[in-house]
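A.B. asks: structure of the sequence below:
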Amino acid sequence: MLKKGLLVSLVVLLAGVLLIGCGETEGTPDAEPGSLEGRYVGYSWRGEAGGTTLEEADRYIETILELDEDGIIQDAKMRFFVQVDGYWTTRQSGQAYVDVDFSVDPTPAVPGEDYEQGDSMFTVYTVDMMSLYTAAVDSDGTVAAAIVDPVLRYMHEMKFPADFDFDRTVGELTIGSGLAVPTTRTSGSGLIRPDNWDDLADNTLFDVSPWSHVLTDEGTMAGISDSSTVQELLEALGVEFVDGVPQEMDAVYGRYGLGGWDGNFNAIAEYLIGQDATEYTSLIDWSVERYSANIDEDNQFGLDTESGATRTVQDSIDGISGATVRLSRESTSYQRALVEAGIISEADVIIGRF
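C.D. replies: Okay, the predicted model is just below:
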């Protein structure tokens, strides 16, 4: 059996290893005096607020802007680089290795400070678990499926025998039912960080919070609700049914909603194209009081939260600059590209929470 480190490395290589160092790509303006036409690059990186340099960082965001002579954005790219086992790759690569052990019956993790992972059917190696879903069907018709929810940041696993009543509704897949089991915490930075499951026993992963809507607003599970059937949910995840019976298939996986990091960063790029960079000088409207109240004297956001302020800039309902993810660090990278273009100065840059 391959060791975990080797499997992670394989995932990185499948994603396309980028053997580059931080800061190798620079803005290359090539225009007449007074023109903004050119290519400009900006960065934000983990640890900047604590004194870490870009060259020392193990993850960073790069924004590349192509401007015309008037500063209208002609093209935009945003990439989130992470270092895995000594290799650079992008967080939004989306590649994963998924294996399923149908002999395992999933059990819930122990949440809270004394977290312990539960029994899981799935072995998953990927750069990032955000928005991941996966499903497989064994030769006897047993279905295994898992969804990483965006609020709790747990992987919820479902195991159904071939004779399960797939006309039962999604609303019955509550955390307390044993039908959708939160086995694995995929991140410690969930919006809700439960210390027990009793308080959420009557909730499904689709309604633990108003923000759970990102699961079903668009993409793979668009339109799925508590009244949908389990078969409709599994079909959305890629399971094929014939006369109500699930058909054998190897594990498939994908990213729901906008499509994980890749979808969100593409949405930001699409939003930026056509914008006037001389006027659109930040991805975030920092005049919003709950954001501005949390910017300190060093222009750092999210370090010392005042009453009524927030450490997170996010609006998953309407979106911010096209995205539904937290956006302050992405905005820093964008602003640094504008610094490169001479549109704003470094003193205008708000250093987001990485």
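A.B. asks: what is the end-to-end distance of stretch 202-221?
C.D. replies: Terminal residues of stretch 202-221 are spaced 21 Å apart (Cα to Cα, to the nearest Å).
A.B. asks: for that stretch, buried residues please.
C.D. replies: 203-209, 211-212, 214-217, 219-221 (16 or more other Cβ atoms under 10 Å). Placement of C-beta: from N, CA and C, glycine included.
A.B. asks: that one - what's its average pLDDT?
C.D. replies: The predicted model gives stretch 202-221 an average pLDDT of 91.
A.B. asks: just checking, residue 182 touches residue 154?
C.D. replies: Yes: the criterion here is Cβ atoms under 8 Å, and residue 182 meets it with residue 154 at 4.0 Å.
A.B. asks: hey, what's in contact with both of these two?
C.D. replies: The contact sets of residue 182 and residue 154 overlap at 109, 111 (Cβ atoms under 8 Å, 6 or more residues apart in numbering).
A.B. asks: which one's more surrounded, those two?
C.D. replies: Between residue 182 and residue 154, counted using other Cβ atoms under 10 Å, residue 154 has the larger neighbour count: 28 against 24.
A.B. asks: isn't the more buried one right up against residue 148?
C.D. replies: Yes: the pair residue 154 and residue 148 passes the contact test of Cβ under 8 Å, sitting 7.3 Å apart.
A.B. asks: need the overlap of contacts for those two.
C.D. replies: residue 186.
A.B. asks: skipping adjacent residues, who's closest to residue 251 in space?
C.D. replies: residue 136 (4.0 Å; Cβ to Cβ, 6 or more residues apart in numbering).
A.B. asks: show me what the one you found bridges to in the sheet.
C.D. replies: residue 144 (DSSP bridges).
A.B. asks: give the contact list for it.
C.D. replies: 98, 100, 102, 143-145, 249-252.
A.B. asks: do the same with residue 61
C.D. replies: Applying Cβ under 8 Å, 6+ apart, the residues near residue 61 are 43-45, 78-81, 329-330, 332-333.
A.B. asks: among these, which one sits closest to residue 114?
C.D. replies: Taking Cβ to Cβ as the measure, residue 114 sits nearest to residue 329 out of the contacts of residue 61, at 30.4 Å.
A.B. asks: and for the closest residue in space to the closest one that isn't next to it in sequence, the neighbour number?
C.D. replies: Leaving aside its chain neighbours, residue 329 sits nearest to residue 352 (4.0 Å; criterion: Cβ to Cβ, 6+ apart). Around residue 352 there are 24 other residues, counting by other Cβ under 10 Å.
A.B. asks: one more: residue 246?
C.D. replies: Using other Cβ under 10 Å, residue 246 is surrounded by 24 other residues.
A.B. asks: show me where the stretch 1-150 of the chain has helices.
C.D. replies: Taking DSSP state H, counting those that start in this stretch, the helices of the stretch 1-150 of the chain run over residues 4-15.
A.B. asks: show me where pLDDT drops low in it?
C.D. replies: 1-33 (pLDDT under 70).
A.B. asks: show me where it has its strands.
C.D. replies: Secondary structure of the stretch 1-150 of the chain (DSSP state E, counting those that start in this stretch): strands at 38-45, 59-67, 73-84, 87-90, 96-100, 122-126, 132-137, 143-148.
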